[in-house]
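Asks: below: sequence and its predicted model.
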Amino acid sequence: LIVSNRGKSGGNGGPSVTRVDPDSLAVLATVPLAGGYSFPATRWDNARDLIWSGFAEPGAVCAFRLSTGERVARVHTGSNQNYTDVAPGGSAVVVAARFQSRYLKIAADPAGPDFGTVLATLDDRNGAQPCDVTIDADGGYAYAPDRGNDTLVVIDLAAFQVASRVKVGARAGSGPAQPY
């Protein structure tokens with residue numbers, strides 16, 4: 001479990017992340033990390049020592065070691081809002097780069113020879129403005145809310161292409177559906 005402290009006060013006086021054992025709720029470590037971790041890509045493996053953030057540095061996603069706070073990867077996206085999710089096996093992180101209407105698949109295994117390199121890109125020229133991304137439990141598909149077209153984009157991760165677009169119905173009341 002990862003707890004983000006974006007405040008300017010607190011135990012260490014600045015932004016940090018705290019790693020908590022999900023079974024005992026014991027604090028394992030707190031490290032200062034700049035940036036925001038509202039959407040940290042860490043959910044599949046509590047033992048993993050990496051956290052990916054799309055808000056730590058403008059125009060990039062970064063991987064940090066939770067044990068030390070050291071930045072170990074930085075990948076340029078061109079967007080100041082990047083949403084991340086790690087595939088269940090930990091081999092890749094998928095990034096939804098909102099203001100570029102682009103998706104990236106990045107090698108995420110720190111022991112691999114291509115760690116931190118872009119494996120594939122998908123430019124969604126339909127003005128998608130993706131504002132999140134979630135990979136399914138099998139690692140076959142990613143789902144991203146498309147704010148520009150009121151759809152849910154389904155991405156086939158093996159082919160790294162749009163598999164479908166699902167129209168989002170109107171919400172109760174007026175106006176388009178909002179992802180949050």
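Replies: Cool, got the structure. Residues are numbered from 1 along each chain as shown.
Asks: rest of the way, CA atoms for contacts and neighbours
Replies: Fine.
Asks: which sections of the protein are below the confidence cut-off?
Replies: 1-15, 33-47, 169-180 (pLDDT under 70).
Asks: middle-most residue in it, spatially?
Replies: T84 (1.1 Å; CA atoms, centre = their mean).
Asks: do you know how far it is from V27?
Replies: Per CA to CA, to the nearest Å, T84 is found 24 Å from V27.
Asks: so G148 makes contact with R125?
Replies: No. Contact criterion CA atoms under 8 Å: G148 and R125 do not qualify, at 10.6 Å.
Asks: who's in contact with the helix or strand encompassing V95?
Replies: Assessed by DSSP states H and E, V95 sits inside strand 92-97. Residues from elsewhere that reach strand 92-97 (CA atoms under 8 Å, 6 or more residues apart in numbering): 41, 54, 77-87, 102-109, 129-133, 144.
Asks: in strands, which of those fall?
Replies: The strands, defined by DSSP state E, take in 82-86, 102-107, 144 from the contacts of strand 92-97.
Asks: for the residues you listed, work out which two are farthest apart.
Replies: A107 and A144 (19.5 Å; CA to CA).
Asks: ok so, going back, could you dump the ones in strands among the contacts of strand 92-97 to JSON lines with distance to A137?
Replies: Shown next, in JSON lines, are the ones in strands among the contacts of strand 92-97 (distance: CA to CA, whole Å):
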{"residue": "N82", "distance to A137": "21"}
{"residue": "Y83", "distance to A137": "18"}
{"residue": "T84", "distance to A137": "15"}
{"residue": "D85", "distance to A137": "11"}
{"residue": "V86", "distance to A137": "11"}
{"residue": "R102", "distance to A137": "22"}
{"residue": "Y103", "distance to A137": "19"}
{"residue": "L104", "distance to A137": "19"}
{"residue": "K105", "distance to A137": "17"}
{"residue": "I106", "distance to A137": "18"}
{"residue": "A107", "distance to A137": "18"}
{"residue": "A144", "distance to A137": "15"}
